[in-house]
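> Quick one, structure for this:
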Amino acid sequence: MVKSFRIMAAMALTALAAQGAPAADNPLARGIFAAPAAPAPIEGTWNGTDLERRSACTHPENEGNRGTYAQFEVSTNAATRALFIDQVGITGLQCTYSGTTTGTPGALAWTGTYTCSDGKHGTFTSRSILVTPNALSVHLDVKLDTSETCTIEAVIAAGRL
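Predicted coordinates for the structure are as follows:
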C-alpha cells in the first residue's frame, strides 16, 4: 500500500512538472529554521541578560563568568547605520553600546564603544547578531581600556512579547 502511494505521488508530481507547474514548496527542504519572511525590527525594549566571560584583567579578581539581568533599549539611525543599546542592570549599573553596522540583516557586523556608569570603557566588535520578533542575541568581543583592561566575551540575550 505504501509503495503504491509513493508511486502514485511520484507520477502526479511528474505530471505537474511536465505541464510546467512549479514544484510544491517543501518545508523539509528549507531546514528546521526557515528564514523569516521579513527582518524583525531590533528597535525597542528587550528584557534579558548580559553574560560575560572576562579574562586577562589588570585586576585578576575581576576575571571569570558573570551574568546580569537587565533591560535593554535598542535604537538605530538608518542614515548613519548606527546601532545603540542602552542597558540598565538590576544592580543599577547602566551601560551603553554605541557603534556602526556593516553588512546585511542576515550578516550584520557591529563595532563601536562601550561605556558604563561605574567608569568602565572600551571597544567592541560583534561576532553575531540574531533578531526575531521575540528574541535578541548579540555576541560580542569587548576590550576594556581604562583602569581595568579585561578582554570580555559577552552575549546579550533578551526577549520581548
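
> and after the lowest-mean-pLDDT helix or strand in the chain, which helix or strand comes next?
Every helix and strand of the chain was ranked by mean pLDDT, DSSP states H and E. The lowest is helix 2-18, at a mean of 43. The first helix or strand that comes after helix 2-18 along the chain, using DSSP states H and E, is strand 44-55.

> List the buried residues in the next helix or strand along the chain from that following strand.
Using DSSP H and E, the helix or strand that directly follows strand 44-55 along the chain is strand 64-77. In terms of neighbour count (16 or more other CB atoms under 10 Å), strand 64-77 has its buried residues at A70, F72, V74. All C-beta spots, glycine's among them, are computed from the backbone N, C-alpha and C.

> Surely the last one and E43 touch.
Yes - taking CB atoms under 8 Å as the definition, V74 is a contact partner of E43 at 5.6 Å.

> which residues of the protein score low on pLDDT?
Of all residues in the chain, those with pLDDT under 70 make up the ranges 1-39.

> rerun at 90
Applying pLDDT under 90 to the chain flags residues 1-41, 78, 103-108, 147.

> and stretch 142-153, how far apart are its ends?
Across stretch 142-153, the terminal residues are separated by 6 Å (CA to CA, to the nearest Å).

> Kindly reformat the buried residues of strand 64-77 as TSV containing distance to K120.
TSV is the format used below for the buried residues of strand 64-77 (distance: CB to CB, whole Å):
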residue	distance to K120
A70	14
F72	17
V74	20
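
> Quick check: of those, which lies closest to T146?
Comparing the buried residues of strand 64-77 against T146 with CB to CB places A70 closest, at 20.8 Å.
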